[in-house]
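Asks: Give me a model of this one.
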Amino acid sequence: MEYTSDSSDGETSYRIVDLSYLLLDPDAIDHNLKDYLEKDSKKPAENVEKLILHHNQLRVIPRNLVKFTNVQVLDVSNNGLASLPDIFRHCRLTNLVAKNNLLKNDSLPKEFSECVQLKELNLSGNRIQRFPEQIFSFPNLRFLYLGGNGMENISKDVWKLKQLLVLSVGANEITDVPASVGQLKQLQALVLSDNKIESLPANIASLNNLKSLFLHRNRLRTLPPEIIALKNLNELSLRENPLVVRFVSDMSYHPASLLELSARAIKLHNVDVKPAEVPYTLYRYLNSAHRCVNPHCKGVYFDNRIEHIKFVDFCGKYRIPLLQYLCSSKCASSEEDEIVSPSRTYLMKKVLLG
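Replies: This is a model prediction of the structure:
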């Protein structure tokens, strides 16, 4: 058991109780917490702000836990927890982490007590197959993690969580993203990876504060053209979607041959070469040079090139992936048709290719 003291007046004020990795059952946890509940205890329960109980054997919440009414952070991850009672009736939590347990939809209470203080809720790695509507009892929730549950949907009422900064629902069975997600105006990160999503709603472009959008390993064949409006987006993951997989499946890069290197050097330095001055194979090879597609680059390539994808405007209606060839991996492509601003061009390309 670990206690962390924090007091400005010299008196001990125990704020953290850490009982993690001890493989304790609920009765053993209750016994360890009993010292805090005794009258005239030197470690009073009302001073405890953080309870760390992960990696134990808690199929149910210990009885004494609800008596720690000032606890703000509770971590009961990796416990085999099979039910989660309405602990918010007793404890005004700001953070609840209950990931990697055995929780199902019917093992949650029909509704939680409204808790305006709760900022983070992590129920990832459980068995919650339907979006838990009870979450709407937390109007000021900022961080919501529901990944790895086999969940089949995102509630259309998700717009009620107006303060969300992070919505993480990756590694589920989601096929459809409701348009109401576009109403989460504060959202900065949206994790939809490892699902079965075939399309995105156009109003995702309303997420003006979105910085990270993770869409890898889905079934996307197109992106809504409105996505170009996401000016703050600097992280977009699309790998292993039909949208890009056909472009990257055969990509490879081999070291340049001596012939390639020689020809590049001649072209880059504008050396005036006559047929008799170099081998005929090299002289003929010089005629097959290709200019780098980056208009700001003077480089050339012959057989060896760098391949990458960028999104280009097609007739002003669609943005489609286009395979491009660059002379070097250090070369940046044309910026005018990129999906993001020039300062983030290289980062975006790297993420697109996974």
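Asks: What backbone torsions are found at the most far-flung residue of the chain relative to its centre?
Replies: Computed with CA atoms, centre = their mean, the residue of the chain farthest from its C-alpha average is Ala276, at 59.5 Å. Dihedral angles of Ala276 (phi, psi; degrees, to the nearest 10) stand at phi -80, psi -10.
Asks: From Tyr283, how far off is it?
Replies: In this view, Ala276 and Tyr283 are 9 Å apart by CB to CB, to the nearest Å. Bear in mind the C-beta positions are built from the backbone N, C-alpha and C, glycine included.
Asks: What residues does Glu103 make contact with?
Replies: Quick fix: residue 103 is Leu, not Glu. Neighbour list for Leu103: 81-84, 123, 126-128 [criterion: CB atoms under 8 Å, 6 or more residues apart in numbering].
Asks: Inside helices: which ones of these?
Replies: Among those, no member is found in helices (DSSP state H).
Asks: what secondary structure does the nearest residue to Pro275 once chain neighbours are set aside sit in?
Replies: Nearest in space to Pro275, with sequence neighbours left out and distances taken as CB to CB, 6 or more residues apart in numbering, is Tyr283 at 5.3 Å. Using DSSP: H, G, I helix; E, B strand; the rest coil, the structure places Tyr283 in helix.
Asks: can you count the residues close to Tyr283?
Replies: Tyr283 has 16 neighbours, counted by other CB atoms under 10 Å.
Asks: Return the residues in contact with Ser41.
Replies: Applying CB under 8 Å, 6+ apart to Ser41 gives the contacts Asp35.
Asks: The closest residue in space to Leu146 that isn't next to it in sequence: neighbour count?
Replies: Leaving aside its sequence neighbours, Leu146 sits nearest to Val169 (CB to CB, 6+ apart; 5.0 Å). Neighbour count of Val169, defined by other CB under 10 Å: 26.
Asks: Gly147 is in contact with Val169, correct?
Replies: Yes - between Val169 and Gly147 there is a contact under CB atoms under 8 Å: 6.0 Å.
Asks: what's the overlap in contacts for those two?
Replies: Common contacts of Val169 and Gly147 (CB under 8 Å, 6+ apart): Val191.
Asks: which one is Glu226 nearest to, not counting chain neighbours?
Replies: Leaving out its chain neighbours, the residue that sits closest to Glu226 by CB to CB, 6+ apart is Ala205, at 3.6 Å.
Asks: who touches that neighbour in this structure?
Replies: Counting by CB under 8 Å, 6+ apart, Ala205 touches 182, 224, 226-230.
Asks: what about stretch 224-232, how long is it end to end?
Replies: Chord length of stretch 224-232, first to last residue, is 17 Å (CA to CA, to the nearest Å).
Asks: What are the buried residues along that stretch?
Replies: Within stretch 224-232, the residues that count as buried by 16 or more other CB atoms under 10 Å are 224-228, 230.
Asks: likewise stretch 188-197?
Replies: In stretch 188-197, counting by 16+ other CB under 10 Å, buried: 188-195, 197.
Asks: contacting residues for Ser199?
Replies: With CB under 8 Å, 6+ apart, Ser199 has these contacts: 177, 220, 222, 224.
Asks: Counting neighbours, which of the residues you listed comes out on top?
Replies: Counting neighbours by other CB under 10 Å, Val177 comes out on top of the contacts of Ser199 with 23 neighbours.
Asks: Regarding that residue, which helix or strand does it belong to?
Replies: Using DSSP states H and E, Val177 maps to neither a helix nor a strand.
Asks: That one touches Pro201, doesn't it?
Replies: Yes - between Val177 and Pro201 a contact is recorded at 5.9 Å, counting by CB under 8 Å.
Asks: ok, now which ones touch Leu230?
Replies: 204-205, 207-208, 210, 213.
Asks: scratch that, Asn153
Replies: Counting by CB under 8 Å, 6+ apart, Asn153 touches 130-131, 174, 176.
Asks: Rebuild these as a markdown table, extending it with pLDDT, distance to Gln117 and secondary structure.
Replies: A markdown table is the format used below for the contacts of Asn153 (pLDDT from 0 to 100; distance: CB to CB, whole Å; DSSP: H, G, I helix; E, B strand; the rest coil):
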| residue | pLDDT | distance to Gln117 | secondary structure |
| --- | --- | --- | --- |
| Arg130 | 97 | 26 | coil |
| Phe131 | 97 | 22 | coil |
| Ile174 | 98 | 29 | coil |
| Asp176 | 96 | 32 | coil |
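Asks: Closest to His269 out of the residues you listed?
Replies: Using CB to CB, Ile174 is the member of the contacts of Asn153 that lies nearest His269, at 55.1 Å.
Asks: average pLDDT for stretch 326-341?
Replies: For stretch 326-341, mean pLDDT rounds to 53.
Asks: ignore the last one, stretch 149-159
Replies: For stretch 149-159, mean pLDDT is 97.
Asks: Straight-line length of it, end to end?
Replies: End-to-end distance for stretch 149-159: 21 Å, by CA to CA.
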